[in-house]
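Peer 1: Sequence plus the predicted model coming up.
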Amino acid sequence: MRPRKWGFFQIINHDVPIEVLENVKDATYKFFGLPAEVKNKYSKEQSSSNNVRFGTSFTPQAEKALEWKDYLSLFYVSEEEASTLWPSVCREQVLDYMNKSEVVIKQLLQMLMKGLNVDEIDDTKESLLMGSMRTNLNYYPKCLNPELTVGVGRHSDVSTLTILLQDEIGGLFVRENDGDNWIHVPPIKGSLVINVGDALQIMSNGRYRSVEHRVVANGSNNRISVPIFVNPRPADVIGPLPELIASSEKAIYKQVLYSDYVKHFFRKAHDGKKTVGFAEL
Ligand SMILES: O=C(O)CCC(=O)C(=O)O
Ligand SMILES: [Fe+2]
């Protein structure tokens, strides 16, 4: 596992029980199998809250060709809110997946911080690194002309870290650092794919790099994936961690309001790893 070089890896011996992963995959199929009018209750037009959103593609108004994907995005506020707002076919399964993943997330963050010689994650730091979480259920329907579109265009995540559960279909590709080689991420049963996001690139002052990835459209199979985006809170101001700058390193990123950073990401179509330029000094 070499996140500094790669920023993308799979873990197999983790503490999230396999049933929890299987259950959230089943629940994902159940949600997307619901009649359109039921799913549409969670659409931008009809949803009673911004924290629950069913939609298609990424930023349809900015895209030349729509991404071949539907999603349900669930921003976690509290169990109480989830119990009133989240669809009942997947609520318990997603909450369980998020709760069980928290231990793994904390272990990963501890390891990553150690790599920066930051030994203690106090409450302030914990909140900056993982103060908010969003889980997406992604559904990529079989596409008759897969060469004309993509599942998800090339991008890096705006998260600190992303924990991704994928099914057995495959189609996720990762770009080798500074190269044009795209490497397939093979589905491994029971594994979780982990990737570093832009927020960690900024907070680590560029020592960890977020990784560009994309998903191809598939001509013969439907595919699902369930990422948990581990994020700072929207109202947090993020920048290179003070510990790094104190050790005479020059800051290469400025302080940015995290919600502004995310807004910038959503304004444009997926166009590669460009969002982070927003925070460069
Ligand atoms: O479906 C996948 O494997 C990746 C999805 C993804 O990159 C995302 O939702 O940000
Ligand atoms: Fe992604």
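Peer 2: Received, thanks. Numbering: from 1, shown residues only. Ligands and ions are numbered 1, 2, ... in the order given.
Peer 1: Next, count neighbours for the closest residue to P227 other than its chain neighbours.
Peer 2: Nearest residue to P227 in three dimensions, chain neighbours excluded: L164, at 4.4 Å (C-beta to C-beta, 6 or more residues apart in numbering). The C-beta positions use only the backbone N, C-alpha and C, and glycine is treated the same way. A count of nearby residues for L164, using other C-beta atoms under 10 Å, gives 22.
Peer 1: The helix or strand hosting L164 and ligand 1 in contact?
Peer 2: Assigned by DSSP states H and E, L164 belongs to strand 161-166. Yes: applying C-beta under 6 Å from any ligand atom, one finds strand 161-166 touching ligand 1 at 164, 166.
Peer 1: Kindly check the end-to-end length of stretch 186-196 for me.
Peer 2: 18 Å (C-alpha to C-alpha, to the nearest Å).
Peer 1: Just the element for the residue positioned nearest the centre of the chain, please.
Peer 2: Residue closest to the mean C-alpha point of the chain, counted by C-alpha atoms, centre = their mean, is F229 at 3.7 Å. Secondary structure from DSSP H and E places F229 in strand 223-231.
Peer 1: same for that strand, what does it pack against?
Peer 2: Applying 3 or more C-beta pairs under 8 Å, 6 or more residues apart in numbering; DSSP states H and E, one finds that strand 223-231 contacts helix 18-32, helix 91-114, helix 123-130, strand 132-140, strand 161-166.
Peer 1: That one: what's the following helix or strand?
Peer 2: Downstream of strand 223-231 (by DSSP H and E), the next one is strand 237-238.
Peer 1: ok, then the element right after that following strand?
Peer 2: Assigned by DSSP H and E, the successor of strand 237-238 is helix 242-246.
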